[in-house]
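Chemist: task: produce atomic coordinates for the following.
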Amino acid sequence: MIYIVSGFMRSGTSMMMDCLSAGGRTKGIKCEWSRERDFAMNASNSDEEFKPNDSYREIELKEYSKIDFPLKYEGSLIKVMNWGLPQMRRTNGFRCVFMVRNAYEIAESYERAFDSPLMTKADGIRLPASQCSIWGQQYVQDMKRSIITAETRIDCASFHVMDYADVLENPLEAFCKLNNSGWEIDPHVAASQVSSERKRVSC
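Modeler: Got it, this is the predicted structure:
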């Protein structure tokens with residue numbers, strides 16, 4: 001079984017990785033990610049005084065389609081961003097937590113984290129997502145497509161959509177539900193890793 005955290009950027013995927021990594025450690029689940037990816041992301045998004053993330057907890061996009069992907073990550077917890085799910089090679093079975101969040105919170109969190117606006121396109125014009133009236137609708141539709149793509153796969157053992165705000169409000173309840181549905185985690189340990197300090201939004 002492969003354990004997957006997915007979702008759009010700034011939707012709480014890194015926090016969920018930290019929670020499930022801590023909660024699953026005693027159960028034998030190991031967290032895997034690419035240090036090279038961390039280096040590349042920080043090289044493109046940081047300077048001497050600014051480093052948005054210590055780790056992005058991501059594997060390289062090219063890993064998803066490699067022939068040895070199912071065996072290489074068996075028993076592991078990995079992050080597969082929503083755009084990587086369609087490229088993921090068929091596995092021997094996977095469980096997925098898919099994070100969702102208010103679209104405009106994502107836009108604000110992105111700008112605060114990376115010191116530049118999240119850009120989108122409307123009517124052929126690129127503009128900041130926070131200033132785009134249809135950005136929220138685009139985000140919802142894109143996430144729906146990603147969810148359907150993943151949860152209808154023959155190798156999907158379980159699929160859970162989790163709202164970032166709900167996890168912050170009642171983390172123990174969220175992780176107890178996962179534990180009861182096949183995720184081999186200690187829900188109390190997982191819940192202890194939740195922190196609202198990582199929101200990077202004004203409210």
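Chemist: which helix runs longest in the protein?
Modeler: helix 135-151 (DSSP state H).
Chemist: could you point out which element follows that one?
Modeler: On the C-terminal side of helix 135-151, the closest following helix or strand by DSSP states H and E is strand 156-163.
Chemist: least trustworthy helix or strand in this structure by mean pLDDT?
Modeler: Least confident helix or strand, the chain: helix 35-45 with a mean of 73, by mean pLDDT, DSSP states H and E.
Chemist: tell me the buried residues in the helix or strand following that one?
Modeler: Next along the chain after helix 35-45, taking DSSP H and E as the criterion, comes helix 69-72. By 16 or more other C-beta atoms under 10 Å, the buried positions in helix 69-72 come out as 69-70. Backbone N, C-alpha and C define where each C-beta goes, glycine included.
Chemist: so what touches helix 69-72?
Modeler: With C-beta atoms under 8 Å, 6 or more residues apart in numbering as the contact definition, helix 69-72 has outside contacts at 2, 63, 66, 88-92.
Chemist: tell me the contacts of the residue lying closest to residue 26 once chain neighbours are set aside?
Modeler: What sits nearest to residue 26 in space, not counting adjacent residues and going by C-beta to C-beta, 6 or more residues apart in numbering, is residue 186, at 6.1 Å. By C-beta under 8 Å, 6+ apart, residue 186 lies in contact with 23-24, 26-27, 179.
Chemist: over to residue 62?
Modeler: By C-beta under 8 Å, 6+ apart, the contact set of residue 62 is empty.
Chemist: so how far is residue 68 from it?
Modeler: The gap separating residue 62 from residue 68 is 12 Å, by C-beta to C-beta, to the nearest Å.
Chemist: among the contacts of residue 186, which two are most distant?
Modeler: Across the contacts of residue 186, no pair lies farther apart than 26 and 179, at 12.4 Å, counting by C-beta to C-beta.
Chemist: pick out whichever of the two has more residues nearby.
Modeler: residue 179 (18 against 11; other C-beta atoms under 10 Å).
Chemist: for residue 154, give me phi and psi.
Modeler: phi -70, psi -20 (degrees, to the nearest 10).
Chemist: for residue 135, see how far away it is.
Modeler: Remark: distance between residue 154 and residue 135 (C-beta to C-beta) = 33 Å.
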